[in-house]
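Student: from the sequence below, what's the structure:
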Amino acid sequence: MSADRTEQLRAIRDAVLNLTESPLYEYRTLNKYFPVLGQGDHNATIMFIGEAPGKNEAETGRPFCGASGRVLDELLASIDLRREDVYVTNILKDRPPNNRDPLKAEIELYAPFLERQIDIIQPKVIATLGRFAMGFILRHFGASQANQKISQLHGSAITVRASYGKAVVLPLFHPAAALYNASQRDTLEADFQVLKQFISQERSTPMRLL
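Tutor: A predicted model of the protein is given here:
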């Protein structure tokens, strides 16, 4: 099963790599950036979803590898998790110029790749990082909370029906918020304690970049 999932994720990687119809494709190639598919355990119980890669991510092909990634790693450690134990990805697989917000057309173009990743990995918990990821995932699953704000929903476990069965969506603030606001760091730490109840006792195989 794990090998099959890896092959399916590789197919997504190849499709994104050659996504010439993307408005971000030329920007990627001009800057010698990489698409950023995801990283972690292909059998993960918990999947983290952000909005889009930043500069560090596009230069390395790894999600959340800059300052926000350090915060994410610290938050994971606070509940006895490692990056290897989860799967981390974004809605957009290419970096928008100047780290601007994703455009609606870009989200629509890249969304099917994320939806396929979810169906392949089949996480029990989808932890969204930031308002764009939260809004997209709640709309994708038809959750009644889709129109609420992240300030209302953060730290709430929302049960949804995925293609593979029941799952939980846990909205979280983006780790970048903790870099500029100490109170947001406190909020993130508290919300990660909610995530702790969903941790499996099993530990993963070595982390993969896909």
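Student: so where's the protein shaky on pLDDT?
Tutor: 1-2, 200-209 (pLDDT under 70).
Student: for residue 139, give me its contacts.
Tutor: residue 146 (C-beta atoms under 8 Å, 6 or more residues apart in numbering). (Glycine included, C-beta is placed from N, CA and C.)
Student: how far does the strand or helix carrying it sit from the chain's center?
Tutor: Using DSSP states H and E, residue 139 sits within helix 131-140. Mean-position distance between helix 131-140 and its chain equals 11 Å (C-alpha atoms, centre = their mean, to the nearest Å).
Student: CA-only coordinates of it in PDB, if you can.
Tutor: Taking Å, rounded to 0.1, in the frame of the first residue of the first chain, the C-alpha atoms of helix 131-140 are listed here in PDB:
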ATOM      1  CA  ARG A 131      -7.400  31.200   6.600                       C
ATOM      2  CA  PHE A 132      -6.900  30.300   2.900                       C
ATOM      3  CA  ALA A 133      -6.300  26.600   3.700                       C
ATOM      4  CA  MET A 134      -9.100  26.600   6.200                       C
ATOM      5  CA  GLY A 135     -11.600  28.100   3.900                       C
ATOM      6  CA  PHE A 136     -10.700  25.800   1.000                       C
ATOM      7  CA  ILE A 137     -10.800  22.600   3.000                       C
ATOM      8  CA  LEU A 138     -14.100  23.400   4.700                       C
ATOM      9  CA  ARG A 139     -15.700  24.300   1.400                       C
ATOM     10  CA  HIS A 140     -14.200  21.200  -0.200                       C
END
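Student: check this protein for its longest helix and report it.
Tutor: Taking DSSP state H as the criterion, the chain has its longest helix at helix 104-121.
Student: can you point out the buried residues in it?
Tutor: Buried residues in helix 104-121, defined by neighbour count with 16 or more other C-beta atoms under 10 Å: 106-107, 109-110, 113-115, 117-118, 120-121.
Student: give the residue farthest from the middle of the protein.
Tutor: Distance from the centre of the chain peaks at residue 30, with 25.3 Å (C-alpha atoms, centre = their mean).
Student: for residue 95, see how far away that residue is.
Tutor: 12 Å (C-beta to C-beta, to the nearest Å).
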